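Engineer: coordinates only, sequence not included:
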């Protein structure tokens, strides 16, 4: 069994004239982190590893969530996840070490939403910022993730849980 927790980065700040890659979180994005972290803790979310995009907003989301969750999860920044394409995300997931059973990924839209629709039986219009979806797959190797549809365990976003 493999578990994937897919998270879209929290709300970013467009106030500053910065390249897309360098945009920080805005006030709402920072406010949503402890709310979402608390909710993930309620579901005993303890990933083996968290991979996150090299974009500042994704890095701040991943590190903020894991700090608030107070879990000793390995954290790995990767340029490969600075993508907006579901196929790129899927390619990355298929290459994950099979010793890792629960993987968290913090990335971007529309790739995150499109991937959710591709790997499950749900049809999601949009995964909001700081939204997350968790799936369980009856597979032994991450490379087989396309062979089955994932069972949806969680699908929430800050406004659903009081943010």
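Structural biologist: Looks like it came in fine. Note that the structure is a prediction, hence the values are computed from the model and not measured.

Engineer: packing partners of the longest helix along the chain?
Structural biologist: The residue-count maximum for a helix in the chain (DSSP state H) belongs to helix 27-42. Applying 3 or more Cβ pairs under 8 Å, 6 or more residues apart in numbering; DSSP states H and E, we find helix 27-42 packed against helix 56-69. Just so you know, the C-beta spots here come from the backbone N, C-alpha and C atoms, and that holds for glycine as well.

Engineer: what are the contacting residues of whichever helix or strand comes after the helix it packs on?
Structural biologist: Heading C-terminal from helix 56-69, the first helix or strand you meet, by DSSP states H and E, is strand 74-78. For strand 74-78, contacts defined as Cβ atoms under 8 Å, 6 or more residues apart in numbering pick out 48-54, 59, 62-63, 66, 92.

Engineer: quick one: the helix or strand just after strand 74-78 to chain centroid distance?
Structural biologist: Remark: after strand 74-78, the chain's next helix or strand is helix 86-94, criterion DSSP H and E. Centroid separation for helix 86-94 versus its chain: 13 Å, with Cα atoms, centre = their mean, to the nearest Å.

Engineer: could you find the closest non-adjacent residue to residue 119?
Structural biologist: The shortest distance from residue 119 to any non-neighbouring residue, by Cβ to Cβ, 6 or more residues apart in numbering, is to residue 150 (5.1 Å).

Engineer: OK, contacts around residue 16?
Structural biologist: 23-24.

Engineer: related to what we said a few turns ago, export the contacts of strand 74-78 as JSON lines, with columns for pLDDT.
Structural biologist: JSON lines is the format used below for these (pLDDT from 0 to 100):
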{"residue": "48", "pLDDT": "97"}
{"residue": "49", "pLDDT": "98"}
{"residue": "50", "pLDDT": "98"}
{"residue": "51", "pLDDT": "98"}
{"residue": "52", "pLDDT": "98"}
{"residue": "53", "pLDDT": "98"}
{"residue": "54", "pLDDT": "98"}
{"residue": "59", "pLDDT": "98"}
{"residue": "62", "pLDDT": "98"}
{"residue": "63", "pLDDT": "97"}
{"residue": "66", "pLDDT": "97"}
{"residue": "92", "pLDDT": "98"}
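
Engineer: now the buried members of those residues.
Structural biologist: For these, a burial check counting by 16 or more other Cβ atoms under 10 Å picks out 49-53, 59, 62-63, 66, 92.

Engineer: so who does the residue nearest to residue 119 touch?
Structural biologist: So residue 150 contacts 4, 119-120, 135-137 (Cβ under 8 Å, 6+ apart).
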